[in-house]
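> let me see the structure of the following:
(2 chains)
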Amino acid sequence: MSKSTRQQFADTMHAIGQYDENLVVMVGDIGHGILKPFAESCPGRYYNIGILEPTMISLGAGLSATGLRPVIHTIAPFMIERAFEQIKLDFCYHQLSGNIVTVGSAFDYSNLGCTHHCYGDFALLKTLPGVEICFPSSPIEFDQLFKQSYQNNQLTVYRIAGKNHGVQFEESEIVFGKGVLVSEGEDVTIIATGPLLKTALIAKEDLLSKGIKSEVIYIHTIRPLDIDLIRSSVQKTHNVVVVEEHMRTGGLGDEVLRATYDIEGLKFHSVSIPDKFVTGYGTYEELSKSCGLTPEAIVNAVNSWYS
Amino acid sequence: MNSELRRKIVDMVVAGKDGHIPSAFSILDIITLLYRDVLRFDASNPLWKDRDYFILSKGHGCLALYVNLHRHGFITDHDIEMFCKQGGILGEHPDRTKVPGAEASTGSLGHGLSFAVGIALGLQIQKMNNRLFILLGDGECQEGTVWEAANVARNRDLGNLCAIVDWNQSAMQLLPIDDMPKKWEAFGWNVQVVDGHNESEILGAINNVAFQTRGIPSVIVAKTIKGKGVSMLEGHGIWHHRIPNELEYGQIMEALS
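As a prediction, the model looks like this:
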């Protein structure tokens, strides 16, 4: 079984912790098992601080004010939504840098219900000047993106996906702030972020069987967004579908539309979570299907443009 | 006591046409003592690594901070003149990114202590001996994050931290059952209660704090009077966020003469 992105988070902390004495990891009563190697090898720099997310964010900002490099980790809704004002004021308005690592975004904790879902995080975070947002969905992405950005004097949020997309990237392909051109085509651009890259690639094959050639772009850095790559592709294809585990409002789709609206003959479609609570239960895959995050949704949109 | 600074605060509010006079008067004697006799700082180098930290968590009392930062050379006459004016650096809440000597941008209540506990923990991790003072309002202590932070501070042995609570009974206007010292005792802090307008009592309490990198955090619950120094401003009435008119200005200045 391949390594999870979350396990890679722990491994990366352990690796960096050996040479960067300023790295301090703080968790809100999750992850202590996988982070044990870091805790044991970096005494005094690991804190399972308690179940108090707003204060945990402020604590991280305080650590940053003393010159340390905080990494704050817990479940997405409790950090991004509950502690939003602490992120806004104590990090962003203070102009302090740090790193927030979430798990449980979108509906990764499918059966735990809406209290544990978080599919508006991109939208919220994008209102904060200077915040960087990554969505690593394979181990190598987390490792590379974190190492490239964790000490760049910004607040960076890493939204760890619960599932891997299954595509093996080379280290050199993962560059913070740059999209990845996964496959070339001239008829339609499919832009995917997160585990839904797998869905996009299934759709690509289906479309190819109908003679439609898709260009697939993978986005692991939501902000800063690789607008040049997106525009150059859509200027060629004039057709774009954005696939994401985020609410329709405020997600990657909105950013792509903003970046491409002036391209002549543009056709745009968003495959995303409808703007309502996901109230059902079941597996991640079942909820994805119920939200319409499927290859068929991509294929149907493209077919409608060619019919 | 500190009449000159109180007059300066009133002048700033009248010139800037905004400000919280009674909240500033409530804490002025504490902050003035801290900057005159307690805090280690270098106004020409506000980020001096060996400085003591002072965080004003009840940001709306910032006029008391500003007049002391001015007195000790952190900010200029021009900065004071530009209070609440376009192009100035001083607004109705302190801004860390603009004001030399302001360690935190406060105003949204309940952030300061959590941020301060983070600084205290960062100092402890790096084995630095700086002392950290934070001044909170008693109304602010209704915010849940204050107690999240108090819980962490005690459990992480942040003995380098001394909180001062401006217990001017504002909180009791809303929630009358408010035994402030007992709350802090329940969280395991060392608690002292003083008259917040009596310098020798405040200084005595500060001198009792051990300020160890690892130890029990301390809180000084300071009994204060909102609007202290001018009887017409004292208490919890209309003056919380009111600008004196010409007649009132004369009456206030006469009381402070």
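> stretch A:21-38: which residues count as buried?
A:22-28, A:30-31, A:34-35, A:38 (16 or more other C-beta atoms under 10 Å in any protein chain shown). C-beta coordinates here come from the backbone N, C-alpha and C atoms, glycine included.
> among the residues you listed, which are located in helices?
Counting by DSSP state H, the buried residues of stretch A:21-38 place residue A:38 in helices.
> and the buried residues of stretch A:21-38, which two are the farthest apart?
Using C-beta to C-beta, those reach their maximum pairwise distance at A:22 and A:30, which is 23.1 Å.
> among the buried residues of stretch A:21-38, which are within reach of chain B?
residue A:24 (C-beta under 8 Å from any C-beta of the partner chain).
> tally of neighbours for residue A:10?
As a burial measure, residue A:10 scores 21 neighbours (other C-beta atoms under 10 Å in any protein chain shown).
> check which helix or strand it maps to.
Assigned by DSSP states H and E, residue A:10 belongs to helix A:5-17.
> how far does that helix sit from its chain's centre?
17 Å (C-alpha atoms, centre = their mean, to the nearest Å).
> for stretch B:239-246, same thing?
Distance, centroid of stretch B:239-246 to centroid of chain: 21 Å (C-alpha atoms, centre = their mean).
> got the buried residues for it?
Per 16+ other C-beta under 10 Å, stretch B:239-246 contains these buried residues: B:239-240, B:244.
> same check on stretch B:181-190?
So, applying 16+ other C-beta under 10 Å, buried residues of stretch B:181-190: B:183-184, B:187, B:189-190.
> apart from its chain neighbours, what residue comes closest to residue A:111?
residue A:281 (5.0 Å; C-beta to C-beta, 6 or more residues apart in numbering or on different chains).
> what is the burial count for that neighbour?
With other C-beta under 10 Å as criterion, residue A:281 counts 12.
> local confidence estimate at the residue in the stretch 201-307 of chain A positioned nearest to chain B?
Here the stretch 201-307 of chain A gets closest to chain B at one residue, residue A:223, 21.6 Å apart by C-beta to the nearest C-beta. Residue A:223 carries a pLDDT value of 98.
> list the contacts of it.
A:125-126, A:131-133 (C-beta atoms under 8 Å, 6 or more residues apart in numbering or on different chains).
> what do you get if the cut-off is 7 Å, keeping everything else the same?
By C-beta atoms under 7 Å, 6 or more residues apart in numbering or on different chains, the contact list for residue A:223 reads A:126, A:131-133.
> now the residue lying closest to residue B:89 once chain neighbours are set aside: phi and psi?
Nearest residue to residue B:89, sequence neighbours excluded (C-beta to C-beta, 6+ apart): residue B:98, at 4.1 Å. When read as degrees, to the nearest 10, the backbone of residue B:98 gives phi -120, psi -40.
> look up how far chain A lies from residue B:98.
Distance of residue B:98 to chain A, computed by C-beta to the nearest C-beta, to the nearest Å: 11 Å.
> can you list the residues of the stretch 1-150 of chain A near chain B?
Residues of the stretch 1-150 of chain A lying near chain B by C-beta under 7 Å from any C-beta of the partner chain: A:24, A:44-45, A:49-50, A:52, A:54-55, A:58-63, A:65-66, A:68, A:85-86, A:89-90, A:93-95.
> just the ones of those residues in helices?
Judged by DSSP H, those include A:54-55, A:58-63, A:65, A:85-86 as members of helices.
> look up how far residue A:116 lies from the residue nearest to residue A:111.
12 Å (C-beta to C-beta, to the nearest Å).
> report how many residues lie close to residue 5.
Picked chain A for this. The burial count for residue A:5: 25, using other C-beta under 10 Å.
> nope, chain B
Using other C-beta under 10 Å, residue B:5 has 24 other residues around it.
> how about it, nearest residue that isn't a chain neighbour?
residue B:67 (4.7 Å).
> repeat that for residue B:19.
The shortest distance from residue B:19 to any non-neighbouring residue, by C-beta to C-beta, 6+ apart, is to residue B:13 (3.7 Å).
> quick one: contacts for that neighbour?
Counting by C-beta under 7 Å, 6+ apart, residue B:13 has contacts B:19, B:21, B:243.
> and it, that one's in a strand?
No - Residue B:13 is assigned helix when assessed by DSSP: H, G, I helix; E, B strand; the rest coil, not a strand.
> the residue in chain A positioned nearest to chain B and residue B:112: what is the separation?
Per C-beta to the nearest C-beta, residue A:62 is where chain A lies closest to chain B, at 1.8 Å. Using C-beta to C-beta, residue A:62 is found at 10 Å from residue B:112.
> same check on residue A:129?
The value you get for residue A:129 to residue B:112, if C-beta to C-beta is used, is 22 Å.
> next one: residue B:118
Counting by C-beta to C-beta - residue B:118 and residue B:112 are separated by 11 Å.
> cool, and residue B:72?
For residue B:72 relative to residue B:112 (C-beta to C-beta), the value is 21 Å.
> quick one: pLDDT of the closest residue to residue A:148 other than its chain neighbours?
In space, and not counting its chain neighbours, residue A:148 is closest to residue A:176: 4.3 Å by C-beta to C-beta, 6+ apart. pLDDT for residue A:176: 98.
> try residue A:1
61.
> mind listing the strands for chain B?
B:53-56, B:132-137, B:161-167, B:190-195, B:218-223 (DSSP state E).
> average model confidence for the last one?
Strand B:218-223 shows a mean pLDDT of 98 in the predicted model.
> rewinding a little: considering the contacts of residue A:223, which possesses the most neighbours?
residue A:133 (22 neighbours).
> who are the contact partners of that residue?
Residue A:133 makes contact with A:122, A:125, A:157, A:159, A:222-223 under the criterion C-beta under 7 Å, 6+ apart.
> contact partners of the helix or strand harbouring residue A:215?
Residue A:215 is part of strand A:214-218 when elements are defined by DSSP H and E. With C-beta under 7 Å, 6+ apart as the test, strand A:214-218 has contacts from A:179-185, A:187-192, A:197, A:200-201, A:204, A:207, A:229-230, A:233, A:237.
> can you name the residues that contact residue B:163?
Counting by C-beta under 7 Å, 6+ apart, residue B:163 makes contact with B:113, B:134, B:136, B:219.
> pLDDT at the second one, what is it?
The model reports residue B:134 with a pLDDT of 98.
> with adjacent residues omitted, what lies nearest to residue 136?
If you meant another chain, say so; for now it's chain A. Nearest residue to residue A:136 in three dimensions, chain neighbours excluded: residue A:142, at 4.0 Å (C-beta to C-beta, 6+ apart).
> oops, I was thinking of chain B
Nearest non-adjacent residue to residue B:136, counting by C-beta to C-beta, 6+ apart: residue B:57, 4.6 Å away.
> quick check: the one you found touching residue B:113?
Yes - between residue B:57 and residue B:113 a contact is recorded at 6.0 Å, counting by C-beta atoms under 7 Å.
> where do the contact lists of these two overlap?
Joint contacts of residue B:57 and residue B:113 (C-beta under 7 Å, 6+ apart) are B:134, B:136.
> relative to residue A:44, how far out is the closest residue to residue B:130 other than its chain neighbours?
Spatial nearest neighbour of residue B:130, chain neighbours left out: residue B:123 (5.4 Å); criterion: C-beta to C-beta, 6+ apart. Residue B:123 is 13 Å from residue A:44, where distance means C-beta to C-beta.
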